[in-house]
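# coords please:
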Amino acid sequence: MSDNPYEPMPARVIGVSMEAGGIRPVKKIQVAFINEEDKNNFKNVPGNCAILSMIGQGESMISITSPPTEKDFLEFAIMKVGVVTTALHELEVGDIVGVRGPYGNAFPIDDWKGKDIVIIGAGIGMAPIRSIYNYILHPDNRKDFGKVTLMYGARTPNDLSFKKELFEYEDQADPDVFLCIDWKFGPNGMMDEDAQEGWPRINMKDAGATVIPPGQTRFTCFVPQLVEMIKPSPENTIAITCGPPIAIKFITQNLSKLGFDDEQIFTTMENRMKCGIGKCGRCNIGEVFVCVDGPVFNYKQVKELLPEY
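As a prediction, the model looks like this:
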């Protein structure tokens, strides 16, 4: 491994899959380090990011979606939104990319042992927290944690990332999985009807009053409303969430209403990070550099950084 923090490590693409369609498609890219030394030295933990680079195109900071229990490869969920991510979407098995990292702090998973875990994702926000639930649910780690609840929503079923594994988890007794898709919109705003067959709408005026039919795990609603309806208990529980800022804002507010303390709620702040080592100033919030001091923060820290939350 080079002592130059800007020198990428070469990795080969060993898998590519389409995770979500629509106008902002998401692909999952699986890469393996070419050099054994790089593989052995790359010690990622849930919450870390890495920088992917392509010669002639540039580089981009991407959350690592695979857990550290995967020893032979790294996975990244990439939304096609710009020049670099478009180039990454064009990768094929066998292509070479550069990897720098891992960067950022991590979720304090060791502090969560013995606790129930609630994981709440919205849109592409499921990518940074996917590593957590797959780490916790791994057979080697599952006994260390209590009940696990996954809540996730996107615009449509086609926009849900990691559908295959989430649908498999949905069919199992562990974890508890609840999914949602957004309301239909008409000329006068939200329409009080199911967005799609099999996704019944919740009580539009009072989500918490919704009666959940036995076995029903899919709903028409927004993710904050899903939280309000499922009502996870704050007792001995940690909640982790990520998604668009507006979703995080209302998810955390609803968790607070349910009795969660600020230090029981964690999120990741996916600011536009560039260098990864706190030098370029692209991701700072005041004196805090998200690439170094984050991207993981508890809700108490978030409110100190961003009072509007």
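# touching, E228 and S256? I think so.
No. E228 is beyond contact range of S256, at 11.6 Å (criterion: C-beta atoms under 8 Å). For the C-beta atoms, the positions are set from N, CA and C on the backbone; glycine is no exception.
# and those two? which has more neighbours close in?
The neighbour count for E228 versus S256, taken as other C-beta atoms under 10 Å, is higher for E228 (24 against 15).
# what does the longest helix along the chain contact?
Ordering each helix of the chain by length in residues (DSSP state H) puts helix 245-257 first. Contacting residues not belonging to helix 245-257 are listed as 120, 122-123, 125, 222-224, 227-228, 232, 234, 239, 241-243, 262, 264-265, 267, 299, 302, 308-309 [C-beta atoms under 8 Å, 6 or more residues apart in numbering].
# go through these and flag which are in helices.
Per DSSP H, the subset of the contacts of helix 245-257 in helices is V223, P224, V227, E228, Y299, V302.
# in the longest helix of the chain, what counts as buried?
For helix 245-257, burial by neighbour count (16 or more other C-beta atoms under 10 Å) applies to A247, I248, K249, F250, I251, T252, N254, L255.
# now do that helix, average pLDDT.
Averaging pLDDT along helix 245-257 gives 94.
# go on, stretch 81-93?
For stretch 81-93, the mean confidence score works out to 92.
# and it, what's buried?
Quick answer for stretch 81-93 (16+ other C-beta under 10 Å): V84, T85, A87, L88, H89, L91.
# C180 bridge partners, please.
G153, F219 (DSSP bridges).
# separation between it and N298?
Distance of C180 to N298, given as C-beta to C-beta, to the nearest Å: 25 Å.
# looking at these two, which is more packed in?
Taking neighbours as other C-beta under 10 Å, C180 and N298 compare with C180 leading, 26 against 18.
# do I have it right that P67 meets S131?
Yes. The criterion here is C-beta under 8 Å, and P67 meets it with S131 at 4.6 Å.
# domain map for this protein?
Domain segmentation of the chain under automatic domain parsing yields 9-103, 109-268.
# now render those as TSV, adding distance to F289.
Below are these laid out as TSV (distance: least, C-beta to C-beta, whole Å):
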stretch	distance to F289
domain 9-103	11
domain 109-268	14
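# which one of the ones you listed lies nearest to N284?
domain 9-103 (14.1 Å; C-beta to C-beta).
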